[in-house]
Structures are given as structure tokens and as C-alpha cells.
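Engineer: The following block contains a protein sequence and its predicted model.
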Protein chains: 2
Amino acid sequence: LLIIGEKLNSTILPVREAITSRNEKYIQELAYKQVAAGADMLDVNTAMGLENEEDDMVWLVQTVQSAVNVPLCIDATKASVIKKALQVHQGRAMINSISLEEKRIKEILPLVVEYGCPVIALTMDDKGIPDSTEGRLEIAEKLVEIAEQNKISLDDFYIDPLVLPIAVNDKNALIFFNCLSEIKKRYKVKTISGLSNVSYSLPLRKLINRSFLTMCMALGMDAAILDPLDNKLMSALAANNILLNEDKMCQAYLKAYRNGVLLD
Amino acid sequence: LLIIGEKLNSTILPVREAITSRNEKYIQELAYKQVAAGADMLDVNTAMGLENEEDDMVWLVQTVQSAVNVPLCIDATKASVIKKALQVHQGRAMINSISLEEKRIKEILPLVVEYGCPVIALTMDDKGIPDSTEGRLEIAEKLVEIAEQNKISLDDFYIDPLVLPIAVNDKNALIFFNCLSEIKKRYKVKTISGLSNVSYSLPLRKLINRSFLTMCMALGMDAAILDPLDNKLMSALAANNILLNEDKMCQAYLKAYRNGVLLD
């Protein structure tokens, strides 16, 4: 599983404050801790409540990359913000995200092509997120066609079938699982999800999120945007990896156990 | 998920002692606690270290059924033990187990047919458990043929693809998952597994067992033999059920939360 750390996000109040006040130390420690805990990439977002999303993104990308040596996942809906980030990013960033929305196809897709970036593609269009598995699979089909037309390697194309909260509709996780399995069966693309939407407004959200991650991994999900500082989540992930033979001879699991970072 | 409580097993020393000493109170409490914790059935086994497996089984079945109102899963390799148990069992017992081993087909299969019982069928034959997915699927195919020839309803036919320890071969869980998915795809049978083999000799076994159960449920497993007194396992199971829409409107999850039995 490709692990994308979710913490450098302006929706999290102390992070937003650290970005506003240009608190390098706070941001760099949060970056370092996520990588030390196992993140392969870090999501960066400056969209929430800040004065200048573009300048903040440029500062955030540079500040993070001067502390840790992993690619960043540029999380923005505005093409101008993504473009500025890509201009200063060292190495191959991931773009989060495109979708079938006309504006994103028109403005963000060209950046994906120009910079040759891995990209997250959401199964939604200008009418929103379809309720049904079939509706989302139709969008996935069109997204794959767009990737192929634009010569984007499917290896770099991460479809997110967009899990919605169970508390809103008790079939929401099941719809997501069905989409995930079908997409993996039909196309040679990658798949990705965030973990926290699914449990929105329910008690013991982390318990639900862990089960959700585990089920997604059993169904072949390739990447997740998650909190690598959640030790129980990362312990479940270590167990999942030995079950799926993603951890040869259980070496990483046993090492984590010896280091005392695995929680039962 | 059909939950079969695993605790009334003579391999567990205090249980063995309680059977030997005919300690009704101990056995009945252990039965009651498992049912209260959510077990739909209880496995009963008297094979280990006892003087008379048949008499012990008869006593155990009667003692348990005078305390709790659930069917029992008669866990024995000897046809004579299963037969005695079925003669005294109230309602429809499950037989644990048949396989392609000649002796079990010859001696236990007739009891399945005579009593019209649900049965667990192991993917092994007189040569043992095949290492490969293909080998186990060949046995599953033959088991399904036997079920059909003997007019056993596939709804009552629980195939166990037999998970072996990851510590012995790091592909063992993956082989099991592949068998499980294929069997669910090919046949209208039920599937079942125990949870503890997979983690044998590794640290934090319960962490691994929870992930294993969660992955099995994502792949459509129908039943599990497990410890319903393991609160963390049962909490994961409650979360799994809301994710798979097996718990309408999250009612059971929210009730368990309010009752304080869910552990994060």
C-alpha cells in the first residue's frame, strides 16, 4: 500500500495556524513524524481559511521538501494553485485531483500531462457523485479513456471511487467496495481512498476506519490517504501486509514489534 | 457472519478439566457467556486428553443445551462420537467436519445425510492439505459434487479452505484468500474458517486474527469459529458489519456502543 500522510492539511486548525504564521518548525516536524511513521508521500493542502492559497502552497511545498525526502501530493481544486506547486516541487509530485468535472478536465488535466505526474481521479462529474455503483463505474470508464487519450500511464492513474458516510446511507461503504473490486477487475489502473469519510458522525470512528482500510486492502486497493501517526491504524496495516504477503517473511512486522510500535 | 463460539474445546486445559470432573456450572457459564457475547452456535470438542470421547461428548452436548438455546457444532473426527452427539442433540446440529479423506466420507458423510445437518467440509484429502490454491480448489470441486450427489443443500455446506500459519509460509493467508474468493465465485456454497491458525507463532496474534477476520468478511466469508469473549475481535466484527451493510442503520453497532462493549 502506498501511504500518503494526511496531516499537512489546512482543515486541521493548528496546521492552518502554522501555515499562516509561517511556522517552519511545526510544519517540518509534522512532515518528519509522518515519514518516520511510514508515509511514502505527504498530502499538502492550503485551501481552508487562508488568505492566499497559491503563496501558502508554494511556501508549504518548499518548507516540507526542505525537511523530508518524499514526493508530495498536491491537494487543491484550483489549477493555479497546483501549477505553482508543481513549479517549485522537487521530483515527481502527485496531483490531487481531477474528476469528470469540466473545469478540472480543462484546467488541471493539462498540468498532469505537462508535468507527467501521478494523479488522483475522482468518480464524480458536474452532477456530483453518483449514488449507484453503476453510475460511478461509468465515470471510471470515461476517466480511463481520458487517461489513455492523453497517454497518462495507468500505473500513475489512481481512481478514487469516493466513499460517502455510512451514517448517511448504510450502503455507502458497500457501494465503494463494489466499485473498487470492479475497477480493479476491469482496468489496469491504481485505486485510492481516504479513510475518514466512511465513519463520519458515528462513534469510535477509528475502529471503523481500521476495518475499512483492512477491507480495502483485501480488495486490492493500491494507496490510501491516512493518518500515519495513528499507531493502531498503522499496526493494523502492518498485520494486513503480512496477510497479503506484502511483507516478505514478516520482516517489517517483526521489526515494528521489536521496536515496540505495534499496538494490539 | 454466522458466529460459532470456539471456547468449549478440550484443547483448552480448564475446559478439559471441567469436562473430566463433570463441572456443569463451569461449562454452562462458558456456554452462556459466549451466547451473550453474540455466538450463534457453539463448537463442542472432547477429543483431547479425555478418557472417553463419546461419553464426554454426550455429557457436554446435554450440559450445554440445558443452559443455552443455540445449536451446537459437533467437532470430532470419529464418526462414533458425532453419531452419539447427534442422537442427543436438540434441533439441528452442525457437523465439524468432513473432508475428502476416505474414512470421513465413508463414515461421517452418511450421518450428515441421515440427520440433514449443516456440515463443514475441509479442502483436504488422504494426501493432506494441498499447498496450492489450485489443489484446494480441485478438492472443493469434488466436495461440491459429493454434496450434490447426496442431495445436501449447498446452503448447509460450509467449505473451509484451511488457512495455515503465515509463519510457516508467508503466502499461506493469500492462498486462503484466493481459495475463498474463487469458491464464492464458482459455487453457491457457504464458506467458513477458524481464525487462530493464521497467526501461529507470531507476536500480537489477536491483532493479526482481527485483520484476518476483516479481510475474510470483505471477501464474503459466511461463518467463523472464533472467540466471542475477545472484545476487540467482536468490536472489529461490529464495525465490519456496518461496512458490509449487514447491520441495517448501524443499529447493532450503536447499541453495542451505548452498552459500552465496543472497544476502539
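Structural biologist: Happy to help now that I have it.
Engineer: residue boundaries of the strands in chain A?
Structural biologist: For chain A, applying DSSP state E gives strands covering A:2-9, A:41-45, A:72-75, A:94-98, A:119-122, A:157-160, A:190-194, A:223-226.
Engineer: mind putting those strands in CSV, distance to chain B included?
Structural biologist: (Each C-beta comes from the backbone N, C-alpha and C, glycine too.) Shown next, in CSV, are those (distance: least, CB to the nearest CB, whole Å):
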stretch, distance to chain B
strand A:2-9, 16
strand A:41-45, 23
strand A:72-75, 25
strand A:94-98, 24
strand A:119-122, 21
strand A:157-160, 17
strand A:190-194, 12
strand A:223-226, 15
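Engineer: Could you say which of these is packed most deeply?
Structural biologist: strand A:72-75 (a mean of 28; mean count of other CB atoms under 10 Å in any protein chain shown).
Engineer: Pairing partners for it, with directions?
Structural biologist: Sheet pairing of strand A:72-75 (DSSP bridges) gives strand A:41-45 (parallel), strand A:94-98 (parallel).
Engineer: ok, back up a step: B:Gly135: which of the strands of chain A is closest?
Structural biologist: strand A:190-194 (30.4 Å; CB to CB).
Engineer: Off-centre distance for the closest one?
Structural biologist: 7 Å (CA atoms, centre = their mean, to the nearest Å).
Engineer: what's in contact with it?
Structural biologist: Strand A:190-194 has contacts (CB atoms under 8 Å, 6 or more residues apart in numbering or on different chains) with A:2, A:4, A:6, A:120, A:154-163, A:176, A:180, A:183-184, A:216, A:220-226.
Engineer: One more pass at 7 Å, please.
Structural biologist: With CB atoms under 7 Å, 6 or more residues apart in numbering or on different chains as the test, strand A:190-194 has contacts from A:120, A:155, A:157-160, A:163, A:180, A:183-184, A:216, A:221-225.
Engineer: Report the angle between it and strand A:94-98.
Structural biologist: Relative orientation of strand A:190-194 versus strand A:94-98 (axes from the mean of the first three to the mean of the last three CA atoms, to 10 degrees): 80 degrees.
Engineer: For strand A:190-194, what does the pLDDT average out to?
Structural biologist: Averaging pLDDT along strand A:190-194 gives 98.
Engineer: I figured A:Lys33 was touching A:Asp230, is that so?
Structural biologist: No - counting by CB atoms under 7 Å, A:Lys33 sits too far from A:Asp230 to count as a contact (11.8 Å).
Engineer: Comparing those two, which shows the higher neighbour count?
Structural biologist: Counted by other CB atoms under 10 Å in any protein chain shown, A:Lys33 and A:Asp230 do not tie: A:Asp230 has more neighbours, with 18 against 15.
Engineer: Any figure for the gap between the more buried one and B:Asn241?
Structural biologist: According to CB to CB, to the nearest Å, A:Asp230 stands 22 Å off from B:Asn241.
Engineer: and the stretch 101-250 of chain A, which residues reach chain B?
Structural biologist: A:166, A:170-171, A:173-174, A:177, A:202-204, A:206-208, A:211-212, A:214-215, A:218-219, A:235-236, A:239-240, A:242-245, A:248-250 (CB under 7 Å from any CB of the partner chain).
Engineer: residues touching A:Pro161, list them.
Structural biologist: Counting by CB under 7 Å, 6+ apart, A:Pro161 has contacts A:123, A:136, A:176, A:179-180, A:183.
Engineer: can you tell me how far the residue sitting nearest the centre point of chain A sits from B:Ile74?
Structural biologist: The C-alpha lying nearest the average C-alpha coordinate of chain A belongs to A:Ile225 (CA atoms, centre = their mean; 3.4 Å). Applying CB to CB, the value for A:Ile225 to B:Ile74 is 48 Å.
Engineer: show me where chain A has helices.
Structural biologist: Ranges of helices in chain A, per DSSP state H, are A:13-20, A:24-36, A:53-65, A:79-88, A:102-107, A:109-115, A:133-149, A:172-186, A:205-218, A:231-243, A:251-258.
Engineer: I'd like to know which elements the shortest one is packed against.
Structural biologist: This means helix A:102-107. Here helix A:102-107 touches no other helix or strand, going by 3 or more CB pairs under 7 Å, 6 or more residues apart in numbering or on different chains; DSSP states H and E.
Engineer: The second one too?
Structural biologist: In this structure, helix A:24-36 makes packing contacts with strand A:2-9, helix A:53-65, judged by 3+ CB pairs under 7 Å, 6+ apart.
Engineer: what do you get if the cut-off is 8 Å, keeping everything else the same?
Structural biologist: strand A:2-9, helix A:13-20, strand A:41-45, helix A:53-65 (3 or more CB pairs under 8 Å, 6 or more residues apart in numbering or on different chains; DSSP states H and E).
Engineer: picking up where we left off before, which of the helices of chain A sits most buried?
Structural biologist: With a mean of 25, the top stretch among the helices of chain A by mean neighbour count (mean count of other CB under 10 Å) is helix A:205-218.
Engineer: for the residue nearest to the centre of chain A, which residues make a bridge with it?
Structural biologist: A:Ile225 has these beta-bridge partners by DSSP bridges: A:Ile4, A:Gly194.
Engineer: What residues does it make contact with?
Structural biologist: Neighbours of A:Ile225 in contact, by CB under 8 Å, 6+ apart: A:4-6, A:43, A:73, A:96, A:192-195.
Engineer: picking that back up, any chance of the strands paired with strand A:72-75 in CSV, plus mean pLDDT?
Structural biologist: What follows is these, written out as CSV (pLDDT from 0 to 100):
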stretch, mean pLDDT
strand A:41-45, 98
strand A:94-98, 98
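Engineer: Low-confidence regions, the stretch 101-250 of chain A specifically.
Structural biologist: For the stretch 101-250 of chain A, no stretch is flagged by pLDDT under 70.
Engineer: what's near enough to touch the closest residue to chain B within the stretch 51-200 of chain A?
Structural biologist: Residue nearest to chain B within the stretch 51-200 of chain A (CB to the nearest CB): A:Ala173, separated by 4.2 Å. Applying CB under 8 Å, 6+ apart to A:Ala173 gives the contacts A:163, A:166, A:198, A:212, A:215, B:242-245.
Engineer: now do A:Pro71
Structural biologist: When contacts are counted by CB under 8 Å, 6+ apart, A:Pro71 touches A:41, A:89, A:91-94.
Engineer: Spatially, which two of those are the most separated?
Structural biologist: Among the contacts of A:Pro71, A:Met41 and A:His89 lie farthest apart (CB to CB), at 11.4 Å.
Engineer: what sits in contact with each of the two?
Structural biologist: Taking CB under 8 Å, 6+ apart as the criterion, A:Met41 and A:His89 both touch A:71-72.
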